[in-house]
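Q: Any chance you can model this:
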Amino acid sequence: MDTERLMTIREMCDAYQVTARTLRFYEAKELLFPIREGQKRLFTRRDRARLKLILRGKRFGFSLEDLRQLLDLYDMGDQQHTQLVKTYEIAEQRLAEMEARRDELNQAIAELREQMDWGAKIIVSLEGQKNAAE
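A: Take a look at the predicted model:
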């Protein structure tokens, strides 16, 4: 694919597995800035790079506001140093939150297993009593 070529909304949807509604939403949130020709939207190489970062950030749980701010830092003129530092800080926070949720989930799973083991023993005991009475 020619990286300088403009892409239509349909081509973007196909290339990035998103809906046209998603692209319009990101445009409305000022995350993407396609060229407008009447009703037609044309996406540049920069839009494609921004969309990749949006999708990756979304997967990691970054808020749209975080993503907008990070994308806006790209043009600081410091070879993306500020953008990378801020991205790293947010990523550290997200990782800590994800690990805490994972730990809570692991604890809930262990407790549920204990309850299921207890329930299985009760079921076996009740079935044994039922069989003995028959």
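
Q: which ones are touching the spatially most central residue of the chain?
A: In the chain, the centroid-proximal residue (C-alpha atoms, centre = their mean) is Arg59; its distance is 1.8 Å. Listed by C-beta atoms under 8 Å, 6 or more residues apart in numbering, Arg59 has no contact partners. Glycine gets a C-beta too; all of them are placed from N, C-alpha and C.

Q: can you pull out the helices in this protein?
A: Applying DSSP state H to the chain gives helices spanning 9-16, 20-28, 45-59, 64-72, 81-133.

Q: Now the fourth one - C-alpha only, CSV.
A: What that stands for is helix 64-72. In CSV, the C-alpha atoms belonging to helix 64-72 read as follows (Å, rounded to 0.1, in the frame of the first residue of the first chain):
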residue,chain,number,x,y,z
LEU,A,64,-10.3,9.1,24.9
GLU,A,65,-9.3,12.3,26.7
ASP,A,66,-5.9,10.7,27.6
LEU,A,67,-5.5,9.6,24.0
ARG,A,68,-6.4,13.1,22.6
GLN,A,69,-3.9,14.7,24.9
LEU,A,70,-1.2,12.2,24.0
LEU,A,71,-1.8,12.7,20.3
ASP,A,72,-1.7,16.4,20.6
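
Q: I'd like the mean pLDDT over it, please.
A: Averaged across helix 64-72, the pLDDT comes to 90.

Q: can you give me how far it is from the chain middle?
A: Its chain's average C-alpha position is 14 Å from that of helix 64-72, according to C-alpha atoms, centre = their mean, to the nearest Å.

Q: what's next to it, contact-wise?
A: By C-beta under 8 Å, 6+ apart, the surrounding residues in contact with helix 64-72 are 29-31, 50, 53-54, 57-58, 62, 83, 86-87, 90.
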